[in-house]
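**Q** Sharing a sequence plus its predicted fold:
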There are 2 protein chains.
Amino acid sequence: MNRFTVHFLPADTSIEVEEGTTVAEAAQRAELFISNLCGGEGVCGKCRVQVARGKAEADEHAKGFFSQDEIMKGYVLACQTEVHDDLEIVIPPESRMEDSKIMTGGASEVTGISQFNPIVKKIYLDLPAPTSEDNVPDIERISRELRKQFGWHTFDIPLDCLQNLSDKLRQSDWKVTVTLARKGKSYRILKVDSLDTSSANYGVAVDVGTTTVVVQLVDLTSGKLLGSEGCHNQQATYGEDVISRVIFACGKGGTDPVQRAVIKNINQLIKKLTQEKDIPRDEITALVAAGNTTMSHFLLGLSPCSIRLDPYVPTADEFPQIRAQEIGIEINPRGILEAIPCVASYVGGDIVAGVMSCGIPERDEVRGLIDIGTNGEIAIGNKDWLVCCSASAGPAFEGGGTRCGMRAIKGAIEKVEILDGQLTYQTVGNARPRGICGSGLIDCIYELVKNGIIDPGGKFQRERADDRLRIEENIPEYVIAYPDETESGAAVVITESDIDNLIKSKGAVFAAIKSLTDYIGLGFDMIETFYVAGGFGSYLDIGKAIAIGLLPDIPKERIQFIGNSSLTGARMCLLSESAMETCINVSRSMTNIELSTYQPFTDEYIAALFLPHTNRKLFPTVSY
Amino acid sequence: MNRFTVHFLPADTSIEVEEGTTVAEAAQRAELFISNLCGGEGVCGKCRVQVARGKAEADEHAKGFFSQDEIMKGYVLACQTEVHDDLEIVIPPESRMEDSKIMTGGASEVTGISQFNPIVKKIYLDLPAPTSEDNVPDIERISRELRKQFGWHTFDIPLDCLQNLSDKLRQSDWKVTVTLARKGKSYRILKVDSLDTSSANYGVAVDVGTTTVVVQLVDLTSGKLLGSEGCHNQQATYGEDVISRVIFACGKGGTDPVQRAVIKNINQLIKKLTQEKDIPRDEITALVAAGNTTMSHFLLGLSPCSIRLDPYVPTADEFPQIRAQEIGIEINPRGILEAIPCVASYVGGDIVAGVMSCGIPERDEVRGLIDIGTNGEIAIGNKDWLVCCSASAGPAFEGGGTRCGMRAIKGAIEKVEILDGQLTYQTVGNARPRGICGSGLIDCIYELVKNGIIDPGGKFQRERADDRLRIEENIPEYVIAYPDETESGAAVVITESDIDNLIKSKGAVFAAIKSLTDYIGLGFDMIETFYVAGGFGSYLDIGKAIAIGLLPDIPKERIQFIGNSSLTGARMCLLSESAMETCINVSRSMTNIELSTYQPFTDEYIAALFLPHTNRKLFPTVSY
């Protein structure tokens, strides 16, 4: 394999790496550290570097983060750019981590780093023993040392940390590790441990979706993403959608069982991840959860009842920092839980996290986020203003509400094509098909329309269909994978009812986008980039999503698929105090447009219930 | 009985009252409200008014609060001044309560009052129901209304208050009472109750003394003192003095039983008071405790071990606000506990509370506080500087460590005189004698010296004694009350060992006063007023206390007995956020002089172990 030399400026350091190594990895090996909040997934845009010499091209992610001018000047994302040439790379100041030891050492060296600054830190302190001349109280000895490092803060301490502090300090010869959480404007000491335990500090990011719950385990000393696990939200026992769960909770059922269900999910996922990675759960000191407003209420055990009643008022939009164990989450008993703040009853912390994660509130340019989950939420804005809205999309794109729907995990059909009458598909992990996920369903709808197998209303055109169309128990269905191809031995199919659900889903999402852009008086062309988020896995065919009328018909390069931005946002909040602050600002400043009382939305929705969209002028480039 | 008219200015309101009514009561009946933090005991100095016409003299308390010039101008304390003439009274701005409804109504009308501002308030809110135009989250509806009233604060809320908030608001038709505690720079919502419960809000002030525990029950809506109860500190089971309790706790015994003992005391006293006053304990929302540093550590369950070891370092000098139930205090489960901050290992929150309560940190003049408890603590200063020191005085003045010693409660001999060979005494409540309290012991020592019954070393001079001197079981003792006079039928006596203890106690207190004034280079004459605090009940003969060499020999009018200033300070902190703030400032700014390593103290102590003091120049006016 070829080897190339990468020369970094302004550090003036060179390193030889194998072809295909990323620029970020090369920098790391050279002991130069570049900001990185998303764990190298190309979605945070923090690792911007400039290629001064040699050939290296900006990948598709870069387009979302750089202006055309910057791309011309050679800006790329270090984590997404592979080395295929001898390179000279300039690391600009905004991408530099101040302290080069951050990735290797303990969090005691976090000082001064503006970007990587986890919400819970473990700080090792080697304190001077008290003398007659220096006989401040024990806790003041600790906070004095912390003030030296953090400067400007008060340090709050709970009684149970104080109670055995004196003995602990003396038994460990004044060498202790303080676990510290940012809380509002000050810091809270969560615990004080003997000796240096600062190298083991982990956090958990949780996307609490209506249909799915996804948990990521993160190393808070390095920012590294260690693993992800997801499952269906067990709350489905109490209702498939948010409203039916609220009805259950506000009737005889009560909020408790619904809360317990999701907490059980989260605990199971945490257990799985910590076992896989051989990390004691006790070393997890922080959990950040992003969810829609109702999910956040259920998670914290707040009554969700008024959310579904006019005028749609939640109990809270900002949530207190709590000890995770208060709600039964099994991490360190002193570990904290932060729920990302919401905007309104139907625009939750998931959207706030997403808007923050794709940097909309930092930019001059107007950008949009389309989050396609069980609800479709749209946010548009820039650093000066933010508006958003929400429409019920149903669970179809998340693998719910369709016969063979599943999450985008191993065995899910994620890509479908019908070429010359031949249907081919691709599954996640190239495994035998087990079902079909959101991106597969979008492809499928597109192909069925294109090949004339369904009509604009979504009904099968039996006369034009091939032999994959069959009738089982009086219900017509179209076979994507035959029984002998699948894992279970049952066919993976799509039914008319599935198609109907998908049409309603895509219609609601598009109507919301259209209504919001009309409301603010901006044409699609005025919006520089649309970020598309959702649990589609790693794949979403933007062109087909446009063609079925889910996304607006703008140049494909202006639409960027960013995966689960709620989860990315939650992870960024674990890793950066300022990310959490941005979320609070977004939640306070974003204006929510209530679509349920906005007549144009209903009109747009009805117009969008066809394949393709009835108003062909809206989709000038789409032809089947 | 005569009736007089009191005319108040600037309100221009007159009222006719019976002779002997206090000016404060007259004002209250005229619906004019005068600041009052001490419950009318003449110790807070907040109710200053000026007598513009008519005859009314400043009482002895006034001398501590007013300059000579002010006294000449007719300033008096409204709570201590009786009406015996037609009067014209000017209420100066600093004594006026801004809102005249404060004493009559709920705490919802507290707004704007700078002095009376309890640390826990119940605020009744009649909220507008949400509409489509005004659909802020429930908690924001509450904090918005609170911000209207309090202006400048953030409102923190614990999860358990949020959890049922939504239903509570709707069930009570948006009429709720919010219980609110000041915490640092912001407010914390402790609970939200349906409808208007703001008229029932009580607090408890606790003086956690080494020998005695005293609790006061206070109405937080009016500031009124409802009752006091005290008892011996049950921690005595684990050692009579602080050091032996610390040795117990840091040996096999552990801190727990010592903590439980005092909490049992406090709970019993609270129970007694609430039963007497027929007040549900659940309506108590705040407890403020003042104690020496070790007592505060025991109360909160903090390890006291390092306090007694060189270099005498406590775990903490400021303590977190906690829920009182965290340490087993039986008031409202959401009720808070604040322990007044300390200065050093041997200068505690009791002294800080005392210094604050007598207004030393507000004055230009240099004043001193002498607190005679189990420790003797001295603080001297003014608004610019504060110094303090502490010396172990032993429990003699608090009724411990002497054969017949007792607290200054009913039946305690509080006054003793021997005139022409005849001994007379007076008891608290004029009851049959049960023992002798601190002030009685001081009188006793004085009379024994004066009548030549003991020599300067404190030994009985048998040849000069009367027939009250007797030998029981080989121990000489002097009878104060004969068996047929006492409640129990046993004599109340004083022994040589008692006298020896009292000499050591008075010697330590005086040596501390002398060392501290020498240290700062101020003669006694430079100190405008000495406040003397201690659990002496209502009586202390200043002249006799000077004569035995306990207090410095300065003009008697410059020494003011103020009773239990630790308790008064704790009560003021319940009633005034700014009092608590002052305590924090005092604890941070007061300089502690460590006497144990200060050689002049030892010399002063040895010189003070005689009756009268060996250095007669220090006591020019004393002659027997």
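**A** Sure thing, it's come through.

**Q** so where's chain A shaky on pLDDT?
**A** Counting by pLDDT under 70, chain A shows low-confidence ranges at A:33, A:36-41, A:43, A:96-115, A:152.

**Q** How about the stretch 501-624 of chain A: which residue is closest to chain B?
**A** When scored by C-beta to the nearest C-beta, the stretch 501-624 of chain A has residue A:597 as its residue closest to chain B, at 6.8 Å. No exception for glycine: its C-beta is placed from N, CA and C like everyone else's.

**Q** quick one: that residue from residue A:389, how far?
**A** Going from residue A:597 to residue A:389 by C-beta to C-beta, to the nearest Å gives 11 Å.

**Q** more crowded one of those two?
**A** residue A:389 (27 against 11; other C-beta atoms under 10 Å in any protein chain shown).

**Q** Quick one: residues contacting the more buried one.
**A** A:347, A:377-378, A:512, A:515-516, A:519, A:592-595 (C-beta atoms under 8 Å, 6 or more residues apart in numbering or on different chains).

**Q** so it, which of the three states?
**A** strand (DSSP: H, G, I helix; E, B strand; the rest coil).

**Q** and it, what are its bridge partners?
**A** Counting by DSSP bridges, residue A:389 is bridged to residue A:378, residue A:593.

**Q** where does it sit relative to residue A:596, distance-wise?
**A** Taken as C-beta to C-beta, the span from residue A:389 to residue A:596 is 10 Å.

**Q** Residue A:52 too?
**A** Counting by C-beta to C-beta - residue A:52 and residue A:596 are separated by 53 Å.

**Q** doesn't residue A:567 fall inside a strand?
**A** No - Residue A:567 sits outside any strand when classified using three-state DSSP, being helix.

**Q** With residue B:291 as the reference, measure out to the nearest residue to it once chain neighbours are set aside.
**A** Distances taken as C-beta to C-beta, 6 or more residues apart in numbering or on different chains place residue A:207 nearest to residue A:567, at 3.9 Å, with adjacent residues excluded. For residue A:207, the distance to residue B:291 (C-beta to C-beta) stands at 49 Å.

**Q** same thing with residue A:340?
**A** In terms of C-beta to C-beta, residue A:340 sits 43 Å off from residue B:291.

**Q** for residue A:93, same thing?
**A** 54 Å.

**Q** before we move on, back to that, just give me how far the host helix or strand of the residue nearest to residue A:567 sits from the chain centre.
**A** Here residue A:207 sits within strand A:202-208, counting by DSSP states H and E. Its chain's C-alpha centre and that of strand A:202-208 lie 10 Å apart, by C-alpha atoms, centre = their mean, to the nearest Å.

**Q** what packs against whichever helix or strand comes after that strand?
**A** Downstream of strand A:202-208, the next assigned helix or strand under DSSP H and E is strand A:212-219. Contact here means 3 or more C-beta pairs under 8 Å, 6 or more residues apart in numbering or on different chains; DSSP states H and E; on that basis strand A:212-219 packs against strand A:202-208, strand A:225-232, helix A:255-277, helix A:565-575.

**Q** buried sites along the second one?
**A** Residues A:225-226, A:228-232 are the ones in strand A:225-232 that count as buried (16 or more other C-beta atoms under 10 Å in any protein chain shown).
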